[in-house]
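Student: Structure for the following, please:
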Amino acid sequence: MTTLALVDAGGANLGSVRYALERLGVEARIVRDGDGLCDAGRIILPGVGAAAPAMALLRERGLVEPLRAATVPLLGICLGMQLLFESSDEGDVACLGLLPGRVRKLRGGPGLRVPHMGWNGLEHVRDSALLDGVADGASTYFVHGYAAPVTADCVAACTHGERFAAMVQRGNVAGAQFHPERSATVGAQLLSNFLQWNGA
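Tutor: Got it, this is the predicted structure:
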């Protein structure tokens, strides 16, 4: 199997994503600089925290341009998915720009807390090989206060006061707002699908 690069963007979920991959029989290489992506066959960009410090760390480690230039399948998780977009309201920061759109703060609503924390159902929006074996309405685990809009790149949505993108895909770039590593069998299925996905 080709090398799977797991980007260290300073997120607390790096270890749990690594263990989730190990449970699938895959050993990921932790990457902390741009050179580490040179021979990667697949890339996962996990993230927990805030957009501005995460982008600053990616710049400091020389990872921004290699991520923008990547032609292999790339999966952003949680904050990592948000960083795929053009910009974020969180710190008013420019992000990687691999997907059009701006990440905005969740508004919540009556009886709904922000951050959005806990299990919530996925609504299939369009077909994607990344959703193979994942039922419409399947529950996944979310922890986030910001979210990306539902655009043409959205393959699964979720609703917490408002509808937002739970999964996105454009070409070889994909993202999951939820945490697959904490989403039991549904999360394991998504990661397994990504490991076989050819980016189309």
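Student: And stretch 105-120, end to end?
Tutor: In stretch 105-120, first residue to last residue: 18 Å (Cα to Cα, to the nearest Å).
Student: Without its sequence neighbours, what residue ends up closest to residue 179?
Tutor: Sequence neighbours aside, residue 141 is the residue nearest to residue 179 in space, at 5.2 Å (criterion: Cβ to Cβ, 6 or more residues apart in numbering). Any C-beta I mention is one placed from the backbone N, CA and C, and that applies to glycine too.
Student: Residue 191 too?
Tutor: Leaving aside its chain neighbours, residue 191 sits nearest to residue 180 (5.2 Å; criterion: Cβ to Cβ, 6+ apart).
Student: Got phi/psi on that neighbour?
Tutor: phi -60, psi -30 (degrees, to the nearest 10).
Student: is it true that it touches residue 20?
Tutor: Yes. Look at residue 180 against residue 20 with Cβ atoms under 8 Å: they come within range, at 6.7 Å.
Student: Compare neighbour counts for these two and give me the winner.
Tutor: For residue 180 and residue 20, the more surrounded residue by other Cβ atoms under 10 Å is residue 180, and the numbers stand at 29 against 23.
Student: Please, where are all the helices along this structure?
Tutor: Taking DSSP state H as the criterion, the chain contains helices spanning 14-23, 51-60, 64-69, 79-82, 184-196.
Student: pLDDT below threshold where in this protein?
Tutor: Scanning the chain for pLDDT under 70 picks out 1.
Student: Now for this protein: which strand has the highest residue count?
Tutor: Counting by DSSP state E, the longest strand found in the chain is strand 162-170.
Student: any idea how far the residue with the largest distance to the centre of the chain is from residue 196?
Tutor: Within the chain, the residue lying farthest from the chain centre (Cα atoms, centre = their mean) is residue 110, at 27.7 Å. Shown here: residue 110 relative to residue 196, a distance of 42 Å by Cβ to Cβ, to the nearest Å.
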